[in-house]
Structure formats: structure tokens, C-alpha cells
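[1] predicted model, plus sequence, below.
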Amino acid sequence: MKKQSYEAFKALLTYDPLTGIIKWTKSGKLAGWDNGNGYRRITINGRPYYAHRVAWLLHYGEWPAQFIDHRDGNPINNAIANLREATASQNNTNSNRASRGGLPRGVNISRGRFRAIITQDRKRRNLGTFPTAALAHAAYLVAAQEIHGDFSVFSRGQ
């Protein structure tokens, strides 16, 4: 199914780039629904679209070429200043995935020692083993900022 044009969306919806709110032009009501994962979806002619992609379209007049990343990690904040194009890898890097087993992100335990690991270009990179989870996590943080820069989840203070 072909994506709808900018003109079709512009005729049906209004977008406030400061708040990120998208409303139906005729009714003035909030467009779309929460899909259960924190993202809003808007259905046009029977096809659902993510609200952040619609916001991009309405603001720039064209569909994003790649993924859209929420800088602050909040999927309902569709203010244009919070949206940026990203590769799949960059988008995943900036996600709020929960840690496993209570360990900090980028840390797992192996033979009683804490291993720091990071994924770069779909490959896991071993950063070394450490006597504590805190030291392994510190190594991960340094590598995350070095490798992922502004797309690192930790660049937003988490």
C-alpha cells in the first residue's frame, strides 16, 4: 500500500511543532491513539502511521528517509525539536531498554566477574571484565559516549 501524500495529510491534520500535538482539522480533536507501547498511531484511509513520522511529514513536507528518533527517549513527545532522523542502529542505541537481572546497561556477569559489553554495527564488543558492576558500567559509559555520541542514551543524562 502506497503512503499518502503530504497534501492528503495537510488537508486532514494540523500539527503544532512546539508541543508535538497533532489534531484533526475538522473536529479539532487529538488525532490517533496510544498503541500500548507509548507511541501514538494515526489511521488515514485504513492505514496506521506513527505520529512522530506524521509530525515529520507535516513539518518538513516529506516523509523521513530513515527512522525517527526521540532525542529525550519519550515516544509521546513529538515536538519537532525532539525528533531527528536516525539509522536503525542509532535509534536502538537511544532506546530505554531495561537492564537484565538488575545489572546496569552494558554489564553482564561471567564466572563471578562483571563483563562490560557494547554493540557497535550489530557486533558485540567486549570491553573487559571488572571486579564490580560499577566499574564495568563505567567502562560501558565511556565507550557508549565515544561510539554513539549524541545518540547514546546517556547523553541525555540517564
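    Yep, it's here.
[2] how about low-confidence regions in the chain?
    Under the criterion pLDDT under 70, the flagged ranges of the chain are 1-2, 92-101, 148, 150-158.
[3] ranges for the strands of it?
    13-15, 22-24, 33-34, 40-44, 47-50, 67-70, 83-86, 107-110, 113-120, 123-130 (DSSP state E).
[4] got TSV for those strands, with mean neighbour count and distance to Y60 too?
    For every residue, glycine as well, the C-beta is placed using N, CA and C. Formatted as TSV, those follow (neighbours: other Cβ atoms under 10 Å; distance: least, Cβ to Cβ, whole Å):
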stretch	mean neighbour count	distance to Y60
strand 13-15	18	11
strand 22-24	17	14
strand 33-34	12	24
strand 40-44	17	17
strand 47-50	15	15
strand 67-70	20	11
strand 83-86	19	10
strand 107-110	15	39
strand 113-120	18	30
strand 123-130	13	33
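[5] of those, which is nearest L58?
    Closest approach to L58 among those (Cβ to Cβ): strand 13-15, 3.9 Å.
[6] beta partners for the residue most central in space within the chain?
    For the chain, the residue nearest the mean C-alpha position is D69 (3.9 Å; Cα atoms, centre = their mean). With DSSP bridges as the criterion, D69 is bridged to R84.
[7] gap between it and A136?
    Going from D69 to A136 by Cβ to Cβ, to the nearest Å gives 26 Å.
[8] domains of this protein?
    The chain breaks down into these domains under automatic domain parsing: 6-86, 95-156.
[9] returning to that earlier point: how about the strands of the chain, which one is nearest N77?
    strand 67-70 (6.0 Å).
[10] how far does the closest one sit from the chain's center?
    5 Å (Cα atoms, centre = their mean, to the nearest Å).
[11] counting contacts, what elements does it pack onto?
    Other elements packing on strand 67-70 under the criterion 3 or more Cβ pairs under 8 Å, 6 or more residues apart in numbering; DSSP states H and E are helix 51-60, strand 83-86, helix 88-93.
[12] nothing else from me, thank you.
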